[in-house]
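Engineer: got a predicted model here, sequence first, then my questions.
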Amino acid sequence: MPPSGLNGSQNKHIKVGILEVQGAFQEHKVALMRANQCLQTTIKLEVMEVRHPDHLSPDMDGLIIPGGESTTISLFLKRNNMEEPLRNWIQTKGHVVWGTCAGMILLSKCTENQKDGGQPTKNSPMPIELFSFQLGMLDTVVSRNFFGRQVQSFEAQVTIKAPLLIPSNTQTGTSDSKCHGVFIRAPAVLKTTSSEIQVLAVLERPEQKDSVIVAVQQGDVIATAFHPELTDDLRWHSYFLKMIEKAKEQA
């Protein structure tokens, strides 16, 4: 279920890590700070870099895996011995993670359209040790580069399918069911494989008479195929902070 809000937040402290390998990690940090301010809580928000296993401290409450190139990010994690520490951190009760674009690919349990040296698939002829890895936290099948290559990146209106509780005093001042999506060599969810997956947003394609899943949640894990950090819309970062507060209360 979506978080209901930041209640009873007097003098609380939240720590959020951002995996600073590739992508717009600085933009995520700025958006988090702005979202926390707009939520008008007394929560002290600390945003920290994550580049080493020691950075994955038990008292860190949330983690953002930004966009970039999923194979490059996963190889960085592998070479720095961060695979299992990261999985263990995510699986610890009370921890919340959000993957954007490449982060969605890494969090998915299954991907299609692999490239050589990319995330492993069961039909791959290459030894598993030659591949990078996936975190496998979401019961989804994700297509890498679903919308095409870098030159086919685009911006479009995204339809929100979940009742995200949007503070009335956000930068946008909007509570409608649309948000601006920036898609940069973006993935998409081809299908969900568990009833635990909640579809948060879709991209409608009238010319093809269908819609594509571009945001999902499963427990304390969310993923977006687009980049909210590259817009002025703070609702996704606000939602992420609300998820963290709810998880802390239930831990």
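Structural biologist: Happy to help now that I have it.
Engineer: would you map the helices across the stretch 151-251 of the chain?
Structural biologist: 235-250 (DSSP state H, counting those that start in this stretch).
Engineer: what is the burial count for T159?
Structural biologist: Neighbour count of T159, defined by other Cβ atoms under 10 Å: 16. C-betas here are computed from N, CA, C, even on glycine.
Engineer: wait, it sits on V202?
Structural biologist: Yes - between T159 and V202 there is a contact under Cβ atoms under 8 Å: 5.4 Å.
Engineer: identify the contacts common to the two.
Structural biologist: S211 (Cβ atoms under 8 Å, 6 or more residues apart in numbering).
Engineer: can you list the low-confidence ranges for the chain?
Structural biologist: Along the chain, segments meeting pLDDT under 70 span 1-11, 113-133, 151, 164-175.
Engineer: so how far is stretch 68-87 from its chain's centroid?
Structural biologist: 15 Å (Cα atoms, centre = their mean, to the nearest Å).
Engineer: mind checking the end-to-end distance for that stretch?
Structural biologist: End-to-end distance for stretch 68-87, by Cα to Cα, to the nearest Å: 20 Å.
Engineer: and the strands in this protein, which stretches?
Structural biologist: Here the chain has its strands, by DSSP state E, at 13-19, 44-50, 62-65, 96-100, 108-112, 138-143, 154-160, 178-183, 188-192, 198-205, 210-218, 221-224.
Engineer: what's the distance between the nearest residue to T192 once chain neighbours are set aside and M60?
Structural biologist: Closest residue to T192 apart from its sequence neighbours, by Cβ to Cβ, 6 or more residues apart in numbering: T140 at 5.5 Å. According to Cβ to Cβ, to the nearest Å, T140 stands 25 Å off from M60.
Engineer: neighbour count winner among those two?
Structural biologist: Each of T140 and M60 has its neighbours counted (other Cβ under 10 Å); T140 has more, 26 against 18.
Engineer: save the strands of the chain as a markdown table, and put in distance to N88 too.
Structural biologist: As requested, these are arranged in a markdown table below (distance: least, Cβ to Cβ, whole Å):
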| stretch | distance to N88 |
| --- | --- |
| strand 13-19 | 14 |
| strand 44-50 | 14 |
| strand 62-65 | 12 |
| strand 96-100 | 12 |
| strand 108-112 | 17 |
| strand 138-143 | 17 |
| strand 154-160 | 32 |
| strand 178-183 | 32 |
| strand 188-192 | 25 |
| strand 198-205 | 24 |
| strand 210-218 | 18 |
| strand 221-224 | 14 |
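Engineer: out of those, nearest to A247?
Structural biologist: When the strands of the chain are compared by Cβ to Cβ, strand 96-100 sits nearest A247, at 5.2 Å.
Engineer: how much does the closest one deviate in direction from strand 178-183?
Structural biologist: 70 degrees (axes from the mean of the first three to the mean of the last three Cα atoms, to 10 degrees).
Engineer: unless I'm mixing things up, E245 is touching L45, no?
Structural biologist: No - judged on Cβ under 8 Å, E245 makes no contact with L45 at a distance of 10.8 Å.
Engineer: gap between the residue nearest in space to the middle of the chain and P66?
Structural biologist: Nearest to the mean C-alpha position of the chain, by Cα atoms, centre = their mean, lies G99 at 2.1 Å. With distances taken as Cβ to Cβ, G99 is found 8 Å from P66.
Engineer: same check on M82?
Structural biologist: 15 Å.
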